[in-house]
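Engineer: Fold the following and give me the result.
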Amino acid sequence: GGISEQAGVIPVTFADRAPGTTPRGQSADVETSAGAGPAFRETPQTWSVGGGFFEAFDRPIVLGRAFHEGDRSSVARTVVVNEAFARRIASATASPIGSRLRYRPSPGLEADDAGYAEMVARSAQWFEIVGVVRDLGLDPDDSGNEQPAVFHAASAGTLSSLGMSVHVRGNPASNVGRL
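Structural biologist: Numbering: from 1, shown residues only. The predicted structure follows:
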């Protein structure tokens, strides 16, 4: 059977990288309303995540909605942000839901660099914030603070590389051989 059918396995999900690994980020502007000008100019971590990602880490959506299957389409322009991201723009808006995010091309990026085409494509598009998820608590900065993060819905076939995350009951070491 599949991994999700193994005894002791709870949810199985994937992302473009494993939590706790080197974060990926891209400079972004956030508008709280169209044409209002940037309320947020930072470099949040960016993730492309599969279905059940937040559930696998027991992190609920605390505002707005989670991703649905339509968000996994190549034409979807929706994102979920973490609480740290929402806190950063709290002075500019009562709720991040409905705010728009657009990436800026990274300075010094060369056309043959990994991810260049994706970054250029993303910088031409606005993404609507549809949900806020509880902070993951897996990638703190040197002071222990959660970093702002933006999550994009993905399907396994759209990622060039992915890391699988499996939540198990009991001692994880006892499941390694089977997984």
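Engineer: can you give me the strands for this structure?
Structural biologist: 9-15, 28-31, 38-42, 45-49, 61-64, 78-82, 100-103, 127-133, 149-153, 163-168 (DSSP state E).
Engineer: and those, which is most packed in?
Structural biologist: strand 78-82 (a mean of 25; mean count of other CB atoms under 10 Å). To be clear about C-beta, it is placed using only N, CA and C from the backbone, and glycine gets the same treatment.
Engineer: all helices of this structure, in order?
Structural biologist: 53-56, 83-88, 116-123 (DSSP state H).
Engineer: coming back round to it: tell me which of the strands of the chain sits nearest to Arg72.
Structural biologist: For the strands of the chain, proximity to Arg72 was assessed by CB to CB; strand 149-153 is nearest, at 4.7 Å.
Engineer: and the closest one with strand 45-49, angle?
Structural biologist: 20 degrees (axes from the mean of the first three to the mean of the last three CA atoms, to 10 degrees).
Engineer: What are the contacting residues of strand 149-153?
Structural biologist: 28, 44-49, 53, 67, 71-72, 76, 78-82, 84-85, 101, 127, 133, 136, 139 (CB atoms under 8 Å, 6 or more residues apart in numbering).
Engineer: re the thing from before, closest to Ala90 out of the strands of the chain?
Structural biologist: Ala90 lies closest to strand 38-42 among the strands of the chain, at 9.7 Å (CB to CB).
Engineer: Mind giving me the packing neighbours of the closest one?
Structural biologist: Judged by 3 or more CB pairs under 8 Å, 6 or more residues apart in numbering; DSSP states H and E, the packing partners of strand 38-42 are strand 28-31, helix 83-88.
Engineer: So in that sheet, which strands flank it, and in what orientation?
Structural biologist: Using DSSP bridges, the strands paired with strand 38-42 in its sheet are strand 28-31 (antiparallel).
Engineer: mind exporting the partner strand as CSV, just the C-alpha atoms?
Structural biologist: The C-alpha trace of strand 28-31 is given here as CSV (Å, rounded to 0.1, in the frame of the first residue of the first chain):
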residue,chain,number,x,y,z
ALA,A,28,7.4,41.4,-2.1
ASP,A,29,5.1,44.4,-2.0
VAL,A,30,1.7,44.1,-0.4
GLU,A,31,-1.2,46.4,-1.1
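Engineer: Let me see the mean pLDDT of that strand.
Structural biologist: Averaging pLDDT along strand 28-31 gives 88.
Engineer: Please apply the same query to stretch 78-95.
Structural biologist: Mean predicted lDDT for stretch 78-95 stands at 89.
Engineer: tally of neighbours for Glu69?
Structural biologist: By other CB atoms under 10 Å, the residues close to Glu69 number 10.
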